[in-house]
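1. sequence-free structure coming up:
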């Protein structure tokens, strides 16, 4: 446990744990509404923010937050109004965001694509004390929204039309989800990088689905997986000198594969137990009864 | 006759450039059970969805409980069953979790209290799904999905039930449960507007049938009596839009 003596490792672990909590907490709502790749889109848009941060010599984290929040609101507006070719508009937003990032960073004095790399793939060991403050504040916001409004967000993500008819402020909740996802992307930016952010939002949820039967359990398992892989990946990268972002994402995928292998026999046993408890176990093979039953008569 | 609960006057609606409703007049009074019938594309679904503000209305007026639709905020009085084949989303959820979201219209700040949990439990009892309360909706049959959707609508203890094809894809056992549930709701004073493809097991409950064709009201009165082969129990149901040359899907027992 000697790594805990280093201030940079303490900061890195704190950031990693916060990302492990927040990314699946937002991701579960995106997966529920079948917008699993939204986090990836926001990650692309955030690149423009990083580039602008360099160009204007301000904090890239806060600039990326501002730009990705704007981008996510724009995506939500496209979803409302541009019913027909929404996917094309989103594609333009994604690639425009990426191109903007590359453009701005090269316009910045002394800037080059090399500066982008730490944001694209994460750079845990260079998390500064001011980054930690920003990450803590943003993570607190994400946890507050995803837990405090869980019933409303669940209803909207499960069945948007029904939620509107119960009188929920669906547009406001959708915007809030988009903004929260954007904030999460910038929280995770320093840890796993913009290009790998989406993996931490989606894969822990997909892995948790293999075990959870309820939304609440799936939520808890996804966050647990998130925290385990981010801390595990960070510590591994300290000892093995491997990039933490890639290690974390590969660990998450390994967790998914392991849980899937584990869950298949578990689900089978669960179904059998339920059938036995209810006494409604369907026979596997057809058996033809010796006598005819009244319900067999289908005459007119 | 009770006061009007739903009132549509000269409602016109377009989807794109195609007119779907061309001046619908429809009034549903308190305690009535009204079935909206018609072929596919006749505008039945659009009509009920316009009542709850889910379809933008071109001209005409819609009132709910005597209040103009755009000023109507008392959504807890309405239980809506959308046209769905599944109650599941992209993430596992239990029957209770799905039905609880129907109670949010009565819960302040989304906090469910003891009384709210009891109402959810009652709604599950009504549709005979209390024993599946903790099961994942992903593990249910088509008819059970529909029962969950109806329980979700009943969770807010609504005065008006609006259902869009609640019997679509529902097995016989579930159809009977749904008919019984609806009968109990009507007996306790609920008003019902439902879209149906055919009257089926709900026929004895229906006070009035409104038949639409091409976005116009063709018939408004007592439910039409089934004639010919349609009068037979379990008749074949052949969809007119089935692809020519393919064997029509036979849902009845008389093949």
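-> In hand now; what should we look at? Please read all numbers here as calculations on a predicted model, not as lab measurements. Residues are numbered from 1 along each chain as shown, chains lettered A, B, ... in the order given.
2. So what's the residue count around residue A:45?
-> A total of 28 residues lie near residue A:45 under the criterion other Cβ atoms under 10 Å in any protein chain shown. Where you see a C-beta, it was placed from the backbone N, CA and C, and this is true even at glycine.
3. Same question for the one 10 residues further on.
-> Neighbour count for residue A:55, taken as other Cβ under 10 Å: 17.
4. contacting residues around it?
-> Residues in contact with residue A:55 (Cβ atoms under 8 Å, 6 or more residues apart in numbering or on different chains) are A:104, A:105, A:107, A:108, A:111.
5. so how far is residue A:198 from residue B:128?
-> To residue A:198, residue B:128 is 42 Å away according to Cβ to Cβ, to the nearest Å.
6. mind checking the SS state of residue B:84?
-> Using DSSP: H, G, I helix; E, B strand; the rest coil, the structure places residue B:84 in coil.
7. Quick one, which of the contacts of residue A:55 are buried?
-> Neighbour counting with 16 or more other Cβ atoms under 10 Å in any protein chain shown marks A:104, A:105, A:108 as buried within the contacts of residue A:55.
8. Return only those of those found close to chain B.
-> Among these, no residue lies close to chain B (Cβ under 8 Å from any Cβ of the partner chain).
9. Which neighbouring elements make contact with the helix or strand residue A:227 falls within?
-> For residue A:227, the element it lies in under DSSP states H and E is helix A:215-240. With contacts taken as 3 or more Cβ pairs under 8 Å, 6 or more residues apart in numbering or on different chains; DSSP states H and E, helix A:215-240 sits against helix A:7-32, helix A:197-209, helix A:244-278.
10. Distance from the chain centre to the first one, please.
-> This means helix A:7-32. Chain-centre distance of helix A:7-32: 9 Å, with Cα atoms, centre = their mean, to the nearest Å.
11. pLDDT weak spots in the chain?
-> By default, I'm working from chain A. When residues are selected by pLDDT under 70, those of chain A lie in A:1, A:82-86, A:274-300.
12. switch to chain B, that's the one I care about
-> In the predicted model, chain B carries pLDDT under 70 at residues B:1, B:225-255.
13. let's go with 80 and repeat that
-> B:1, B:16, B:109-110, B:169, B:224-255 (pLDDT under 80).
14. Name the residues of it found near chain A, please.
-> Proximity of chain B to chain A is confined to B:52-54, B:73, B:75-76, B:78, B:80, B:82, B:84, B:87, B:89-94, B:97-98, B:100-102, B:104-105, B:107, B:110-112, B:131, B:134-136, B:139, B:152, B:156, B:232, B:234, B:253-254 under the rule Cβ under 8 Å from any Cβ.
15. So which of these are in helices?
-> With DSSP state H as the criterion, helices contain B:97, B:98, B:100, B:152 from among these.
16. which one of the residues you listed is nearest chain A?
-> Distance to chain A, by Cβ to the nearest Cβ, is smallest for residue B:97 among these, at 5.1 Å.
17. Next, name the residue at the spatial heart of the chain.
-> No chain in the question, so chain A it is. Nearest residue to the geometric centre of chain A (Cα atoms, centre = their mean): residue A:201, 1.4 Å.
18. Can you look at chain B instead?
-> residue B:163 (1.0 Å).
19. Take the ones in helices among the residues of chain B next to chain A and lay them out in CSV including distance to residue A:88 and neighbour count.
-> Below are those laid out as CSV (distance: Cβ to Cβ, whole Å; neighbours: other Cβ atoms under 10 Å in any protein chain shown):
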residue, distance to residue A:88, neighbour count
B:97, 36, 22
B:98, 34, 27
B:100, 38, 23
B:152, 35, 30
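20. Just say helix, strand or coil for the nearest residue to residue A:42 once chain neighbours are set aside.
-> With Cβ to Cβ, 6 or more residues apart in numbering or on different chains as the criterion, residue A:42 has its nearest non-adjacent residue at 4.6 Å, and that residue is residue A:185. Recorded secondary structure, residue A:185: helix (three-state DSSP).
21. Out of the buried ones among the contacts of residue A:55, which sit inside strands?
-> Among the buried ones among the contacts of residue A:55, no residue falls in strands (DSSP state E).
22. CSV for those, including distance to residue A:115?
-> Shown next, in CSV, are the buried ones among the contacts of residue A:55 (distance: Cβ to Cβ, whole Å):
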residue, distance to residue A:115
A:104, 11
A:105, 6
A:108, 8
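23. Out of the residues you listed, name the ones that lie in helices.
-> A:104, A:105.
24. Which helix or strand contains the residue nearest to the centre of chain B?
-> Using DSSP H and E, residue B:163 sits within strand B:160-164.
25. Past that strand, which element shows up next along the chain?
-> Using DSSP H and E, the next helix or strand after strand B:160-164 towards the C-terminus is helix B:172-187.
26. Contacts for that following helix, please.
-> For helix B:172-187, the surrounding residues in contact (Cβ under 8 Å, 6+ apart) are B:31, B:33, B:126-128, B:141-144, B:146-147, B:150, B:154, B:161, B:166-167, B:170, B:192, B:200-202, B:205.
27. Now do it: distance to the chain's middle.
-> Mean-position distance between helix B:172-187 and its chain equals 13 Å (Cα atoms, centre = their mean).
28. near chain B, which residues of the stretch 101-250 of chain A show up?
-> Applying Cβ under 8 Å from any Cβ, one finds that the stretch 101-250 of chain A approaches chain B through A:149-152, A:154-155, A:157-159, A:161-168, A:205, A:209, A:212-218.
29. What subset of these is buried?
-> Buried, going by 16+ other Cβ under 10 Å: A:149-152, A:154-155, A:157-159, A:162-168, A:205, A:209, A:212-215, A:217-218, out of these.
30. In the stretch 1-150 of chain A, what residue lies closest to chain B?
-> The minimum distance from the stretch 1-150 of chain A to chain B, using Cβ to the nearest Cβ, falls at residue A:32 (4.3 Å).
31. could you list every residue that touches that residue?
-> By Cβ under 8 Å, 6+ apart, residue A:32 lies in contact with A:154, A:157, A:158, A:215, B:89, B:90, B:91.
32. Could you dump the residues you listed into TSV and include distance to residue B:42?
-> Converted to TSV, those look like this (distance: Cβ to Cβ, whole Å):
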residue	distance to residue B:42
A:154	35
A:157	32
A:158	29
A:215	38
B:89	30
B:90	32
B:91	36
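33. Show only the entries of these found in strands.
-> Going by DSSP E, the strands hold none of these.
34. Determine which two of those are furthest apart.
-> A:154 and B:90 (11.6 Å; Cβ to Cβ).
35. Count residues in the vicinity of residue A:7, would you?
-> Other residues near residue A:7 come to 9 when the count uses other Cβ under 10 Å.
36. Could you do residue B:213 as well?
-> Using other Cβ under 10 Å, residue B:213 is surrounded by 14 other residues.
37. tell me which element the closest residue to residue B:214 other than its chain neighbours is part of?
-> Excluding its sequence neighbours, the residue lying closest to residue B:214 (Cβ to Cβ, 6+ apart) is residue B:42, at 6.5 Å. Using DSSP H and E, residue B:42 sits in no helix or strand.
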